[in-house]
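**Student:** Sequence unavailable; structure follows:
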């Protein structure tokens, strides 16, 4: 018994897609440009897999003060250009950045103390 026409059409499309995919893989694997692109994609994927968010590096106590300062200045520099502002808004939902010091959070510490809040317990580190 023959398959209905619509299944024959789907099989044809599936085979065509598979053939194009195999052709694409062959071109990538067998040509110098293809191998170059594959190597580049592999190296880029390794970088992206092991990257750390800048905010984590700035907050990390093992980061050197010089590194934290450079990263902070780079982020603040982003807010100085229209493209940087758009990138921060689109990718991080941030409207702006403002430099701060530890003293800025003194009022928060006082409020936490007055309310008798255990921050380590509240953020799950206790």
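**Tutor:** Everything's here; your move. Keep in mind it's a predicted model, so treat the numbers as computed, not measured.

**Student:** Read off the pLDDT value for residue 43.
**Tutor:** The model reports residue 43 with a pLDDT of 92.

**Student:** With the one 4 residues further on instead?
**Tutor:** At residue 47 the predicted local distance difference test score is 86.

**Student:** One more: residue 52?
**Tutor:** On the pLDDT scale, residue 52 is placed at 80.

**Student:** In terms of helices and strands, where is it?
**Tutor:** Under DSSP states H and E, no helix or strand contains residue 52.

**Student:** how does the chain divide up, domain by domain?
**Tutor:** Following automatic domain parsing, the chain resolves into domains at 5-50, 54-122.

**Student:** Any chance of the ones you listed in TSV with mean neighbour count as columns?
**Tutor:** Backbone N, C-alpha and C define where each C-beta goes, glycine included. Supplementary listing: the domains of the chain in TSV, determined by neighbours: other Cβ atoms under 10 Å:
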stretch	mean neighbour count
domain 5-50	10
domain 54-122	11
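
**Student:** quick one: average pLDDT of the longest helix along the chain?
**Tutor:** Using DSSP state H, we find that the single longest helix of the chain is helix 5-30. Averaged over helix 5-30, pLDDT sits at 84.

**Student:** Tell me how far it lies from the chain's centre.
**Tutor:** 32 Å (Cα atoms, centre = their mean, to the nearest Å).

**Student:** so after that helix, what's the next helix or strand?
**Tutor:** Moving toward the C-terminus from helix 5-30, the next helix or strand (DSSP H and E) is helix 32-50.

**Student:** by contact count, what packs against that following helix?
**Tutor:** Judged by 3 or more Cβ pairs under 8 Å, 6 or more residues apart in numbering; DSSP states H and E, helix 32-50 is in contact with helix 5-30.

**Student:** The helix it packs on to helix 32-50, inter-axis angle?
**Tutor:** Helix 5-30 and helix 32-50 meet at an angle of 90 degrees, taking axes from the mean of the first three to the mean of the last three Cα atoms, to 10 degrees as the criterion.
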